[in-house]
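[1] need the 3D shape of this:
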Amino acid sequence: MNLGRVRLLASIRFWIGSTCLVALCYGAWSFSQTGANGAALASQAVWQEVNRADLEVVVLERGSLESQSNIDLICEVEDVRKDNINGTTIVWMIPNGASVKKGDLVLELDSNPMQEALDDQVLYLENALAEKIQAEANLKNQQTMNATAKAEAELLIRLAELELEMYVDKDNGTQKLAIDLNKRKIDDVNNEILAAQATMELRREEQRGYEELFKLGYANQNEVRRFELQYLTAEGTFAAKLNQLQTEVSTLKKMQVYEQRKEKLVLEGKLATAKRGLEQVLRNNEARLAQVEALMRAKDESFKKEEEKFARYKLQLEKCKIYAPQSGLVAYPNSKTMEVREGLPVIYRQKLLSIPNLDSMQVETRIHESALDQVKAGLSVRVTVDAFPGTSYDAVVKSVAVLPEQNSWSGNDTKVYQTIVTITDRVEGLKPGMTAISEILINKLPDVVTVPLQAVVEKDDKTYVVVKDDRENMQPRFVELGEASDTRVSIQSGLSEGESVAVNAQDLMNAVFGDKAVPAT
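    Sure, this is the predicted structure:
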């Protein structure tokens, strides 16, 4: 028998061992009554005719029921007192084991502390909003002031550039106009000098004429003195005009040599100062804007935090009432350290209850390592429940664990792997924790020769069945086994349809073989 067949039979060794124990007790009593007479012994055998039938190869395992959808509900209300001691008190809860529908109220927590926190948070949120609005206004004002200061600084630069350009223009500049004006004054003074000189010479000739007339007796002394005074006045005017000419020439030289360079330096310095002023304005604008923006971001973040806190408190106030997320059965934890009942406080994230959906169930079982390579997800399963022995449910293997369970490593070398079997039928009356038997269909052999498992014994690593010869004496016959179910095994060779085998071969094996033999495994 190959390794796969050995593993299939090994999964039901306990059942065969129990059968063998009963059979051995019966055989010992039978031999004490009949002795070693073959015919008499044959009459004690229980015979069964060999026939052909369909054989389902299954792995049979026991497990426990659980819901496919088991939702745990936890306390989502924070301790607003921040003491991590009091928690939130349960004011009402639905009885344990009650059936609920989706949306039903199942538990209510004390909402007064959270309501007070929410009311306080409304004030904090309004203050934060006011500060944010003021910060936004300050930012806009600073941007406007920065633009104004920059425009003024740029205007000063433009005016200084224009003033310098006006001064150094060779054709129409202010310096050129001032020099031309001074030159025109010099020309005017020269003309005035010529006029004064002509007037002075005229007055001198008049004076000389009257002096001659005075000598001849035709003019008096007063007239001579009057013309002498006119000559002296004309001479003074001429001298004044010469001095004025000298002044204007000096002024022109001063303007051309000194004042031009001085005024140019002044205007260039004014332009440079305006440019540095613009740089300073830009730096100040940047610094002030950064300060206002930082304050704006701080107020905005503060408002967001207060807004988030408000939303969290509002949500947690709603979480004080806990509703069933699905239809099912209410189950409270039975932990003494985390007791859940009315009047007791619960802490944040503490498990309050679970609601398994009883309309869809599954079986948690464990597969022996000998059958691990045959059991895979997707295989069909027939499930029966001890509480309802007459009912079976269609199911399918959902998953098989990759690693064995930790506790299966200790005590012995046997390892088992957690397996989840999903019941596909709609169920009623089933509850989590009930014992269920899963028959995992590995293979289905159509129209094969089969015998009961207890009809096969093993000796020297070979398998035999007990048959009758023509004289009604029992004889062992070597058979080659195929795949097996939990009660029957297929015969590949050595036995034909219509023959009879002893189904209590274990009772008869010592007499048949003459020495010790063991039940087939």
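[2] residues contacting Ser64?
    Counting by Cβ atoms under 8 Å, 6 or more residues apart in numbering, Ser64 touches Val363, Glu364, Thr365, Pro432, Gly433, Met434, Thr435, Ala436. Using the backbone N, CA and C atoms, a C-beta is placed for each residue, glycine as well.
[3] so which elements touch the longest helix along the chain?
    Longest helix in the chain, counting residues (DSSP state H): helix 260-318. Judged by 3 or more Cβ pairs under 8 Å, 6 or more residues apart in numbering; DSSP states H and E, the packing partners of helix 260-318 are helix 112-168.
[4] counting contacts, what elements does the helix it packs on pack onto?
    The elements that helix 112-168 packs onto, with contact taken as 3+ Cβ pairs under 8 Å, 6+ apart, are helix 174-216, helix 260-318.
[5] now those helices as JSON lines including distance to Ile71?
    Listed next are the helices and strands packed on helix 112-168 as JSON lines, based on distance: least, Cβ to Cβ, whole Å:
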{"stretch": "helix 174-216", "distance to Ile71": "92"}
{"stretch": "helix 260-318", "distance to Ile71": "18"}
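[6] one step back: quick one, the longest helix of the chain and helix 174-216 angle?
    Relative orientation of helix 260-318 and helix 174-216, computed by axes from the mean of the first three to the mean of the last three Cα atoms, to 10 degrees: 150 degrees.
[7] given the helix or strand following helix 260-318, what are its sheet partners and their directions?
    Per DSSP states H and E, helix 260-318 leads on to strand 321-323 as the next helix or strand towards the C-terminus. Using DSSP bridges, the strands paired with strand 321-323 are strand 105-109 (antiparallel).
[8] rewinding a little: CSV for the contacts of Ser64, including secondary structure?
    Converted to CSV, the contacts of Ser64 look like this (DSSP: H, G, I helix; E, B strand; the rest coil):
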residue, secondary structure
Val363, strand
Glu364, strand
Thr365, strand
Pro432, coil
Gly433, coil
Met434, coil
Thr435, strand
Ala436, strand
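[9] report the buried members of the residues you listed.
    If you count burial by 16 or more other Cβ atoms under 10 Å, the buried members of the contacts of Ser64 come out as Val363, Thr365, Pro432, Met434, Ala436.
[10] now, the most widely separated pair of those?
    Farthest pair in the buried ones among the contacts of Ser64 (Cβ to Cβ) is Thr365 and Pro432. Separation: 14.2 Å.
[11] what about Arg477, how many neighbours?
    A total of 14 residues lie near Arg477 under the criterion other Cβ atoms under 10 Å.
[12] which helix or strand contains the closest residue to it other than its chain neighbours?
    Using Cβ to Cβ, 6 or more residues apart in numbering and skipping the chain neighbours, the partner closest in space to Arg477 is Val467 (5.2 Å). For Val467, the element it lies in under DSSP H and E is strand 462-468.
[13] what does the average pLDDT come to for that strand?
    On average, the pLDDT along strand 462-468 is 90.
[14] what comes into contact with that strand?
    The contact list for strand 462-468 (Cβ under 8 Å, 6+ apart) reads 1, 42, 45, 47, 451, 455-458, 474-481, 494-495, 499-502, 505, 508-509, 512, 517, 520.
[15] buried ones among the residues you listed?
    1, 42, 45, 47, 451, 455-458, 474, 476, 479, 481, 495, 499, 501-502, 505, 508-509, 512, 517, 520.
[16] distance of the residue nearest the centre of the chain relative to Val400?
    With distances taken as Cα atoms, centre = their mean, the residue of the chain nearest its centroid is Glu308 (17.0 Å). Remark: distance between Glu308 and Val400 (Cβ to Cβ, to the nearest Å) = 45 Å.
[17] and if you look at Glu76?
    Using Cβ to Cβ, Glu76 is found at 35 Å from Val400.
[18] how about Arg261?
    According to Cβ to Cβ, Arg261 and Val400 sit 102 Å apart.
[19] neighbour count winner among these two?
    Val400 (15 against 10).
[20] list the residues that contact the more buried one.
    Applying Cβ under 8 Å, 6+ apart, the residues contacting Val400 are Ile367, Leu372, Val375, Lys376, Ala377, Tyr417, Gln418, Thr419.
[21] could you report the distance from the residue lying closest to the third one once chain neighbours are set aside to Leu379?
    The shortest distance from Val375 to any residue that is not its chain neighbour, by Cβ to Cβ, 6+ apart, is 5.2 Å, and that residue is Ile367. Taken as Cβ to Cβ, the spacing of Ile367 relative to Leu379 amounts to 11 Å.
[22] so between these two, which is more surrounded?
    More neighbours surround Ile367 than the other of Ile367 and Leu379, with 24 against 18 (other Cβ under 10 Å).
[23] ramachandran angles for that one?
    phi -100, psi 130 (degrees, to the nearest 10).
[24] how about the helix or strand that contains Lys398: buried residues?
    Assigned by DSSP H and E, Lys398 falls within strand 388-400. Using 16+ other Cβ under 10 Å as the test for burial, strand 388-400 gives Tyr393, Ala395, Val396, Val397, Lys398.
[25] export the residues you listed as CSV, with columns for pLDDT.
    Formatted as CSV, the buried residues of strand 388-400 follow (pLDDT from 0 to 100):
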residue, pLDDT
Tyr393, 96
Ala395, 97
Val396, 97
Val397, 97
Lys398, 96
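[26] and which of these is nearest Val340?
    Closest to Val340, out of all of the buried residues of strand 388-400 and judged by Cβ to Cβ, is Lys398, at 30.6 Å.
[27] which residues does the closest one contact?
    Gln362, Ala377, Ile420, Val421, Thr422.
[28] show me what the fourth one is bridged to.
    Spelled out, that is Val421. Val421 forms beta bridges with Val363, Val397, as assigned by DSSP bridges.
[29] wait, it touches Ala395, no?
    Yes. Counting by Cβ atoms under 8 Å, Ala395 is a contact partner of Val421 at 5.0 Å.
[30] got any residues that touch both of these two?
    Common neighbours of Val421 and Ala395, using Cβ under 8 Å, 6+ apart, are Gln362, Val363, Val381, Val383, Ser438.
[31] now, which of those sits nearest Asp300?
    Lowest distance from Asp300 to those (Cβ to Cβ) belongs to Gln362, with 51.1 Å.
[32] ok, how many other residues are close to the closest one?
    With other Cβ under 10 Å as criterion, Gln362 counts 24.
[33] doesn't Leu65 make contact with it?
    Yes. Contact criterion Cβ under 8 Å: Gln362 and Leu65 qualify, at 7.4 Å.
[34] for the stretch 1-150 of the chain, which segments count as helices?
    3-10, 13-34, 38-44, 112-168 (DSSP state H, counting those that start in this stretch).
[35] gap between the longest one and the chain center?
    In other words, helix 112-168. 36 Å (Cα atoms, centre = their mean, to the nearest Å).
[36] neighbours of Val449, how many?
    22.
[37] contact partners for it?
    For Val449, the contact set (Cβ under 8 Å, 6+ apart) comprises Val50, Asn51, Arg52, Ser490, Ile491, Leu495, Ser496, Glu497.
[38] helix or strand: which one has it?
    With DSSP H and E as criterion, Val449 is part of strand 435-452.
[39] what mean pLDDT does the following helix or strand past that strand have?
    Counting by DSSP H and E, the next helix or strand C-terminal to strand 435-452 is strand 456-459. The pLDDT scores in strand 456-459 average 89.
[40] ok, back up a step: now the contacts of Ser64 as TSV including pLDDT and distance to Gly236?
    Converted to TSV, those look like this (pLDDT from 0 to 100; distance: Cβ to Cβ, whole Å):
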residue	pLDDT	distance to Gly236
Val363	97	142
Glu364	96	138
Thr365	96	143
Pro432	90	138
Gly433	90	141
Met434	94	145
Thr435	96	148
Ala436	97	146
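[41] of those residues, which is the nearest to Gln175?
    Glu364 (106.0 Å).
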